[in-house]
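>>> Give me the fold of what follows.
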Amino acid sequence: MKTLLKSTLLLGLSLVILSCNSEKKIELFNGQDLDNWNIVAGSEDGEPKDLFYVEDGVMNTLGDPFGYIRTKESYSNYKLHLEWRWTSEPSNSGVLINVQGKEMIFPHCIEAQLMNDRAGDIVLMGKGAGITIKDSTYTVTSEENRYLAISKFEESSEKPAGEWNSYDITSKNGNLELVVNGVLQNRGTGMTLTEGNIALQSEGGPMQFRNIYLQPL
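Numbers count the residues shown, from 1 in each chain. Here you go, the predicted structure:
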């Protein structure tokens, strides 16, 4: 009887924990519209709203012109999950986290790279962006040379064009972890940008995103 009671209590506690975790999840993309986002285009040709659109429950981007879609809300200490796939020849893109300042075409931020075969690289953008990885500290020291790329740990863990990939990005108290399709590709500490908006780039070719949400930590 005591064993049964203990098992029942443990089951109840597990359900409560799962319920709490589910309630904390923040859906950044609802599969229906882009009301939670602002679109920034790097060209005056066409309307910015045409750069990203929703169709069949997924977010689409044309990849041309350059630009990005940026959350209206700012976040800190989270685990971000998203899925992406290339709809034709794989090209270039990125997930911009802890985005700071005005809506310039390449904002002050940390980029989790999405370039083909480079997903898991870290790109620091803007003066002051910095991180320590293993025994090395990387910092952008000027706006004239405002980009600094840091290679991923492993060989590419990406899937071929047309197949869905997953990105799990954890940003907590200055610590950063990038996991691509279940493979730890990068990890750093002492990140100088610890909060801000989240953005997805249009930078080279058509692609799709889905299941974009974050878990506050």
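>>> Lys24 and Lys79: what is the separation?
10 Å (Cβ to Cβ, to the nearest Å). Where you see a C-beta, it was placed from the backbone N, CA and C, and this is true even at glycine.
>>> if I look at those two, which residues touch both of them?
Common contact partners of Lys24 and Lys79 (Cβ atoms under 8 Å, 6 or more residues apart in numbering): Gln215.
>>> quick one: least confident helix or strand in this structure?
helix 2-24 (a mean of 49; mean pLDDT, DSSP states H and E).
>>> ok, what's across the strand from the closest residue to Lys159 other than its chain neighbours?
Using Cβ to Cβ, 6 or more residues apart in numbering and skipping residues adjacent in sequence, the residue nearest Lys159 is Asn165, 5.3 Å away. Partner residues in beta bridges with Asn165, using DSSP bridges, are Trp84.
>>> need the contact list for Asn165.
For Asn165, counting by Cβ under 8 Å, 6+ apart, the contacting residues are Glu83, Trp84, Arg85, Ala119, Glu158, Lys159, Val180, Asn181.
>>> How about the contacts made by the third one?
With contacts defined as Cβ under 8 Å, 6+ apart, the neighbours of Arg85 are Lys159, Ala161, Gly162, Glu163, Trp164, Asn165, Met207, Gln208.
>>> What spatial separation is found between the residue lying closest to it once chain neighbours are set aside and Leu96?
Distances taken as Cβ to Cβ, 6+ apart put Trp164 closest to Arg85, at 4.8 Å, once the chain neighbours are dropped. Trp164 sits at a distance of 21 Å from Leu96 (criterion: Cβ to Cβ).
>>> Distance of the residue nearest to Ile26 when sequence neighbours are not counted relative to Asn175?
Excluding the flanking residues, the one nearest Ile26 by Cβ to Cβ, 6+ apart is Leu214, at 5.2 Å. Separation of Leu214 from Asn175 (Cβ to Cβ): 15 Å.
>>> Lys25 - how many residues pack around it?
12 (other Cβ atoms under 10 Å).
>>> For it, give me the pLDDT.
With respect to pLDDT, Lys25 has a value of 95.
>>> picking up where we left off before, helix or strand next in line after the least confident helix or strand of the chain, which one?
Downstream of helix 2-24, the first helix or strand assigned by DSSP states H and E is strand 26-27.
>>> Which elements pack onto the next helix or strand after that next one?
For strand 26-27, the following helix or strand on the C-terminal side (DSSP H and E) is strand 37-41. Under the contact criterion of 3 or more Cβ pairs under 8 Å, 6 or more residues apart in numbering; DSSP states H and E, strand 37-41 touches strand 67-71.
>>> Just checking: what are the partner strands of the helix or strand following the strand it packs on?
Downstream of strand 67-71, the next assigned helix or strand under DSSP H and E is strand 75-76. Strand 75-76 has the following sheet partners, assigned by DSSP bridges: strand 195-202 (antiparallel).
>>> Please consider this matter closed, and thank you.
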